[in-house]
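>>> What follows is a predicted protein model with its sequence.
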Amino acid sequence: MRLLRLRFEYDQRRSLSYENPPVLRIFLDGDPIDAAPGDTVAAALLRAGVTTFTRSIKYHRPRGPFCLAGSCGQCLMRVDGVPSLPACRVPTADGMRCERQNAPLGVERDLFRAADFLFHEGLDHHHLLTGSRLLGRVALEIARRLAGLGELPDAVRPRLAGELRFAKLAIVGAGPAGLAAARASGAGTVVLEREARAGGAALLFGQPVDADVGAGELMLQTECAGLYANDTNLQGNALLAVRQRDRVLALLAERVIVATGGVSQPLTFPGMDRPGVYAARGLLGLSVMVGRKLAVVGEGEEQRRCAEALSRRGYEIALVSGVPRRALGNPVKALDAADGTRIRCDAVAIALPPAPLHELASSVGAQAHFDGNGFPVQTDEEGRTSVPWLFAAGTVANQPGAASGEIAGRAAWR
Amino acid sequence: MALSEKAIVCACEDVSVHEIDLAIAHGFADIESLKRYTGLGTGPCQGKSCEVSAMRICAQRKAVPPEAQVPFRARPPLQPTPIAAYAGLPDAVIGSRVSTPGLRPTWGKGAHPLQPRTPLPERADVVIIGGGIMGLALAWSLAGLHAGRILVLERGYLCEGASGRNGGGVRAQWTTPTLIELAKESIEFMGRFAQELGINVWLRKGGYLFLAHDDETVRRIEYGAELQKRHGLPTRVIGPEEAGGIVPQLDTSKFIAASWNPEDGVVFPWPFLWGYADGARKRGAQVETFTRCTGIEVSDGRVRAVETDRGRVAADRVVIAAGAWSPTVARLAGVALPNVPFRHEIVSSEPLKPFLGPLVSMLGTGLYFSQSMRGEIVGGMGDPEEPPGLNQASSLRFMTRYSRALGDLVPQLGAVKLLRQWAGCYDVTPDHSPVLGETPGVAGLLQMSGFVGHGFMMAPAVARRMAEWMGGAQDEIFERYNVRRFAEGRLIQETFIIG
């Protein structure tokens, strides 16, 4: 066990701090870009100084990666003929062809960015040109042509068969809470973890992780894509759609513990959506640095923690409290703070408490409620949600850490 | 060119703070309406990065009380997932099945926290139960004829029922003359909806392409095309090659003929409800959301009043326009309708650049799909094993069946990712024709239901005729489609039902 833990810490340090020499070559809109093994497409592009990954859907504003964890949709790119893949989740491979979308004349010269200028506050598409039938038709034709992000895939992707599996208890997420829940249960438990390593957010902060799952089975690089009430006549209360790369398996389980953690959140202020503004936790997991000086926007414990960890990565930190007035530049190179001071930086990191990833639980009817930072799933003291077979533990239930996982694991196993 | 200073809340759909404020000012502060009105949370990230910020704005503006600060109904999948991956799920997922309970409300138990506190009027001339497209279009039409005090009761937010859950297909290709005429008039009205009601519904006439896979179905589309031609429609039966010219991505070996009407199309369903509701209110009608009908008072063979969870409203005329909930509502008056609710599931893909003109439907399997104005492939598929019931939960079974059927017919979509699935309920009658007119034995209790998942495309015309009929005009459809026909054995069989 101790050895395992040491290995994890080693892997973690290596992946978080290395700057391996680039040995791969990928192509961005036809131009070669060097990449290092282990880089995601986003990491390779950022290392090469590319910050605009796409143009936004309506106003054609420049966009670059934000969350760097596959949940925000700001870094979607066409990769090897497949539209709208998150560049932050796609590992680089030699010869990979990446293309930026939604900018017919090239992402830097995109003429449609005039939309951002013309509708400088926003666009009320419901009431646009309703007065004239003819103008309405013209608007429809234009809107139709501008809509959408990616073009159809180049190639036909054949069906990849996924198997059927059974579990007594399925735990979604191998962060501290999910792992503790697994140890508190027994044989017949399956733990699904979308990353290549167990540990969740603890890995980002270099905290020790006990990756032991007891008698359970840990499935890495395996993501729960959907949670359903079981409507087959096979045994089990829950039916999970479980994604492994390009296949989806069906997993039937008697009980489910959702320990999905949280999602990095943006902060609403003008310019926040521009390239050069990143989630602090996203930067912690990124294999490259995005400059030297980082303005870390946020408050309280999360800001302090992220700033410390980012400083250990070698960034020079400027703490910014309150909601900034605006971000300036493309990519962002300065912030006007709430008090009016201008802070110059190479990039901005947003350090807000991650919002509970409640979606799996709430999609089957578990109650969740707003608490100012997100919508934690409501549970009783043993982690039960309002759905009888469903439990929640850790950040998703607003109880970060292993303790809530252990309690839920024990209750769900009974 | 300098970037504008707008503050973006939803980066996927480019929704600004200003747009959220507009929606709140318009009365769409509840998170489900806010999502639909602004589009926030409907892009590739499905709200994971904007829902919290949007709720923070609502809370700061005190637009919704704390009990209503819940997420919008989360929809699978958690991450965009390719069609080919769903298609590969094991057969056990689509084998024999059991029924599941529906979903509980997102806000918990009891009345919705946004239920208005103001009392309802003690009396109305017409109470319409159901604020879907039928009820709202009727309210607008009635108010235009100065039909007195009109009150619409909707148990949820506008768009909560099937009118907000359909794929937006509108067509005149039907096999009964009445439905052809109703749809024709309605589609014509949709073309000028923006001028009449002041809101865009984005009618795009890309046509409807019905595919027939066997000789019996070919005979059906030939009969339909012949009938539709007599009613002035340009419907033609075409071969696979010509169909392949219209949609080059189709695998033309999967069908032997197709019925093609280039004048059918797709709309964006939600603005119809907002437009009709606003229009009805402007004409003096009252539309009350989050208000539930709990009883219907009948005495001496006449309807007298409607009971709600906000008190009693006396009325001489009550219209049941509650879609799949109509039989449940009718039972409150002691009336048994033959309608049966069935869940129907639907899914939306990632937004793609425009490539698909028409709505395509496979008549044998009930598969249909079209491309929305926003670029998503929106489609569904009927399920012969679906048990009856008012279930609006989503299933993996549907995703598997749909992905297999769609991937077989349009192989190039295999790597396209599905973003969001949901379900609504069809209101199914024994002959697939609607139930209209006065209830036998209960004077003043009027029926406007049984549209079998296709009411959306007929509502404008049905509502106009119903309003005029209620004003005293003669109209035989309210006799012919009366619920009495089931007892008398006068069924009116409609066969072009999809999904």
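On my side now, so go ahead.
>>> mind listing what residue 56 touches?
Defaulting to chain A. A:62-63, A:102, A:273, B:8, B:11, B:14 (Cβ atoms under 8 Å, 6 or more residues apart in numbering or on different chains). All C-beta atoms are positioned from the backbone trio N, CA, C, and that covers glycine.
>>> Sorry, I should have been clearer: chain B.
Counting by Cβ under 8 Å, 6+ apart, the residues that B:Arg56 touches are A:268, A:372.
>>> Around residue 185, count how many other residues there are.
Going with chain A. A:Ser185: 27 surrounding residues under other Cβ atoms under 10 Å in any protein chain shown.
>>> right idea, wrong chain: chain B
Residues lying near B:Glu185 (other Cβ under 10 Å) number 17.
>>> Tell me the secondary structure at it.
Classification of B:Glu185 by DSSP: H, G, I helix; E, B strand; the rest coil places it in helix.
>>> Would you mind confirming that it is in contact with B:Ala463?
No: at 10.6 Å, B:Glu185 and B:Ala463 do not qualify as touching, with contact defined as Cβ atoms under 8 Å.
>>> Can you name the next helix or strand after the host helix or strand of B:Ala139?
In this structure, B:Ala139 sits in helix B:133-144 according to DSSP states H and E. Using DSSP H and E, the helix or strand that directly follows helix B:133-144 along the chain is strand B:150-153.
>>> Mind jotting down where the helices sit in the stretch 351-499 of chain B?
Counting by DSSP state H, counting those that start in this stretch, the stretch 351-499 of chain B has these helices, from start to end: B:396-409, B:459-470, B:477-480, B:484-488.
>>> for the longest one, packing partners?
It stands for helix B:396-409. strand A:223-229, strand A:238-244, helix B:83-87, strand B:340-349, strand B:359-362, strand B:367-371, strand B:377-380, strand B:417-428 (3 or more Cβ pairs under 8 Å, 6 or more residues apart in numbering or on different chains; DSSP states H and E).
>>> Same check on the third one?
Counting contacts by 3+ Cβ pairs under 8 Å, 6+ apart, helix B:477-480 is packed against strand B:435-439, helix B:459-470.
>>> Quick one: these as TSV, columns for mean pLDDT and mean neighbour count too.
Formatted as TSV, the helices and strands packed on helix B:477-480 follow (pLDDT from 0 to 100; neighbours: other Cβ atoms under 10 Å in any protein chain shown):
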stretch	mean pLDDT	mean neighbour count
strand B:435-439	98	23
helix B:459-470	98	23
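>>> who wins for proximity to chain A among those?
Proximity to chain A (Cβ to the nearest Cβ) singles out helix B:459-470 among the helices and strands packed on helix B:477-480, at 15.9 Å.
>>> Other residues contacting that closest one?
Outside helix B:459-470, the residues within contact range by Cβ under 8 Å, 6+ apart are B:126, B:133-134, B:137-138, B:140-142, B:144-145, B:147, B:181-186, B:189-190, B:193, B:272, B:317, B:319, B:434, B:436, B:446, B:448, B:455, B:475, B:477-478.
>>> and if we set it to 6 Å?
Identification of contacts with helix B:459-470 by Cβ atoms under 6 Å, 6 or more residues apart in numbering or on different chains yields B:133-134, B:137-138, B:141-142, B:145, B:182, B:185-186, B:189, B:475, B:478.
>>> what's the angle from that helix to helix B:133-144?
50 degrees (axes from the mean of the first three to the mean of the last three Cα atoms, to 10 degrees).
>>> Taking the centroid of chain B, which residue is nearest it?
The central residue of chain B, meaning the one whose C-alpha is nearest the mean C-alpha position (Cα atoms, centre = their mean), is B:Ser163 at 2.6 Å.
>>> and the helix holding B:Ala139, average pLDDT?
Helix B:133-144 shows a mean pLDDT of 98.
>>> Can you name every helix or strand that it contacts?
strand B:123-129, strand B:150-153, helix B:270-282, helix B:459-470 (3 or more Cβ pairs under 6 Å, 6 or more residues apart in numbering or on different chains; DSSP states H and E).
>>> Cheers, nothing more for now.
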